[in-house]
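In: Got a predicted structure plus its sequence, pasted below:
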Amino acid sequence: MKTKYWWLISGVVAGILILGGGYYVWLAPAGSSQQPKQFVVQSGEGIGIIAEHLQKENLIKSAWGFKLYLKLTGQIIVQPGTYELSPAQSLPKIANLIASGSTSNVTLTIPEGFTLEQIAEEVAQKNIATKEEFLKIANDFPPDYDFLKARPAGKSLEGFLFPDTYKLIKGDPTLAIRRMLDNFSTKYHSEIQPDLGDQDLYKILIIASLVEREAQKTEDRPMIAGVIYNRLKIGMKLDIDATVRFIINNWKDPLTRADLTVDSLYNTRQHAGLPPGPICNPGLAAIEAALHPAEHKYYYYLTDPEGVTHYAKTLAEHNQNKVEYLL
């Protein structure tokens with residue numbers, strides 16, 4: 001009887017030692033560092049590949065233990081994305097994070113008409129990158145998209161970062177920019193290029209950016225585009241205050257007389273013709289308005305406090321509209 005109990009006790013002790021050893025070999029943290037690492041799970045990657053990558057990155061001790069744990073816990077589907085993991089986390093903790101989809105992804109919404117500067121501020125607020133990092137990349141981005149060949153040398157990506165809502169990754173500003181450019185590429189090849197013909201894409205984006213900032217309603221976009229083209233045809237200054245706001249980065253406060261005389265080629269109150277680049281990142285409707293402006297004989301417009309835009313063919317009519325709708 002003593003022998004029987006001895007074997008039973010020995011078995012229990014051995015089981016505990018095996019489980020303890022298994023925990024140390026398979027489930028215990030791979031290290032003591034709590035410094036987070038970004039680990040990317042690509043769409044379509046299986047558990048085996050993910051486990052190998054985790055072990056290679058020294059985030060877990062055992063790829064086999066990772067696979068076994070997920071199977072034993074019934075978590076056979078993992079979520080793609082970027083995860084912030086550290087060697088100090090146990091294998092079960094890491095496995096549960098990846099299986100639950102607790103990524104370090106963030107949602108970034110770029111409204112139509114946001115400037116590169118404003119996008120960079122949003123990127124910084126979402127901890128995707130610092131404002132300076134984002135601007136540095138956007139100001140010196142290579143022309144590795146076909147539509148970027150229309151961009152003059154030395155110009156930033158202003159005008160090409162398509163307004164939309166994006167799922168982005170903390171710490172990867174280049175990927176963020178490529179997502180926005182990929183979106184522009186889709187719109188360009190499906191909807192912009194077929195209507196572009198022999199027109200200069202960069203010029204269209206400049207006009208679209210003016211329209212985006214000037215038009216408050218959808219129906220006003222082609223009308224205001226028509227005014228811009230009418231003025232350009234006769235060499236008349238555009239007198240668009242939004243270009244001044246772009247220079248001084250003031251989109252809310254009233255403009256002063258000093259603001260309106262600021263010395264810049266972007267100041268369309270001082271220089272005839274288009275500014276040298278887009279003043280924001282326009283949406284598709286504004287781009288379509290620049291491609292298909294309304295045909296009319298208006299050279300002036302103003303928007304009243306109710307958001308209604310009034311058009312005029314002559315300066316006298318425009319001044320009358322000011323008296324009637326603004327004073």
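Out: It's in.

In: Just to check, G159 is in contact with S209?
Out: Yes - using CB atoms under 8 Å, G159 is in contact with S209, at 5.8 Å. Backbone N, C-alpha and C define where each C-beta goes, glycine included.

In: where do the contact lists of those two overlap?
Out: P278, C280, N281, P282 (CB atoms under 8 Å, 6 or more residues apart in numbering).

In: ok, of these, which one's closest to I98?
Out: In terms of CB to CB, no member of the shared contacts of G159 and S209 lies closer to I98 than N281, at 34.4 Å.

In: what helix or strand is that closest one on?
Out: In this structure, N281 sits in neither a helix nor a strand according to DSSP states H and E.

In: did I read that right, P275 in a strand?
Out: No - the assignment for P275, made by DSSP: H, G, I helix; E, B strand; the rest coil, is coil rather than a strand.

In: Check what pLDDT it gets.
Out: On the pLDDT scale, P275 is placed at 98.

In: The residue nearest to it when sequence neighbours are not counted: neighbour count?
Out: In space, and not counting its chain neighbours, P275 is closest to Y266: 4.2 Å by CB to CB, 6 or more residues apart in numbering. Around Y266 there are 20 other residues, counting by other CB atoms under 10 Å.

In: Distance-wise, check Q216 relative to G283.
Out: Q216 sits 14 Å away from G283, going by CB to CB, to the nearest Å.

In: And R178, by the same measure?
Out: 19 Å.

In: Check V323 too.
Out: Applying CB to CB, the value for V323 to G283 is 33 Å.

In: Downstream of the lowest-mean-pLDDT helix or strand in the chain, the next helix or strand is which one?
Out: None of the helices or strands of the chain scores lower by mean pLDDT, DSSP states H and E than helix 2-22, at a mean of 46. Downstream of helix 2-22, the next assigned helix or strand under DSSP H and E is strand 37-41.

In: Tell me how many other residues crowd Q75.
Out: Neighbour count of Q75, defined by other CB under 10 Å: 15.

In: you'd agree it is up against L97?
Out: No - counting by CB under 8 Å, Q75 does not reach L97; the two are 10.8 Å apart.
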